[in-house]
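1. give me a 3D structure for the following:
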Amino acid sequence: MLGLKIVIYTCIFLASSTIGILISKKYEERVKQLKEFKNALSMFKAKIKFTYEPIPEIFEEISKQINSNTGKIFKLASCNMEVLTAGDAWNMAVDTDILSISKEDKNILKNLSKLLGQTDVDGQINQIELTSNFLDEQIEKAEKEKLKSEKLYRTLGMVVGLGIVIILM
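-> Now for the predicted structure:
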């Protein structure tokens, strides 16, 4: 009987700690994805400036170079551009739930769609640079939030698990 209680208490503690760790990973993932978007926008800017390839082809190439959820967004946008305008396809792709970014981050990424495929190369490059500058600010905010919240949720998961175990004893 005592052995069963110890196993149950250990499972409760481990489950609670795991939940805390999973919540804290979202903050780390947000910073990673924002940096990947910044990198992808740099690639997009270079491709538009020097190759004059169509946007769907550029997005397809970016999706192949970035093997994560960020790359999947570019792949989805590229596929959507077969039936939608570039701006609408980009907005639809950013709205998917596969990203760990905030609503504010998504709105900044959606700003890219305003001139996407509608203006000349210089206009699109300016819009990419503007979005990239906003992403820099978001990355800074996300890193501060990560430092503050990551440790908090890990510790909170362990403390809650320990508290539940103590109450059940």
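
2. only C-alpha atoms from now on, for both contacts and neighbour counts.
-> Fine.

3. which helices and strands does whichever helix or strand residue 31 is part of pack with?
-> Per DSSP states H and E, residue 31 falls inside helix 2-50. Under the contact definition 3 or more C-alpha pairs under 8 Å, 6 or more residues apart in numbering; DSSP states H and E, helix 2-50 sits against helix 55-65, helix 69-80, helix 121-168.

4. chain center to that helix: distance?
-> Distance of helix 2-50 from its chain centroid, counting by C-alpha atoms, centre = their mean, to the nearest Å, is 10 Å.

5. show the average pLDDT along it.
-> Across helix 2-50, the average pLDDT comes to 90.

6. quick one, that helix and helix 69-80 angle?
-> Helix 2-50 and helix 69-80 are oriented at 50 degrees to each other (axes from the mean of the first three to the mean of the last three C-alpha atoms, to 10 degrees).

7. start the count at 859 instead of 1 going forward.
-> I'll keep to 859 as the first residue from here, and by that count the last item is helix 860-908.

8. and the angle from helix 860-908 to helix 979-1026?
-> 170 degrees.

9. how near is residue 1013 to residue 881?
-> Separation of residue 1013 from residue 881 (C-alpha to C-alpha, to the nearest Å) stands at 11 Å.

10. residue 996 now?
-> Noted for residue 996: a distance of 19 Å to residue 881, by C-alpha to C-alpha.

11. what's the neighbour count on residue 962?
-> As a burial measure, residue 962 scores 10 neighbours (other C-alpha atoms under 10 Å).

12. how many other residues sit next to residue 1011?
-> By other C-alpha under 10 Å, 19 other residues sit near residue 1011.

13. nearest residue to it other than its sequence neighbours?
-> residue 878 (5.0 Å; C-alpha to C-alpha, 6 or more residues apart in numbering).

14. give the contact list for the one you found.
-> With contact taken as C-alpha atoms under 8 Å, 6 or more residues apart in numbering, residue 878 is in contact with 1011, 1012, 1013, 1014, 1015, 1016.
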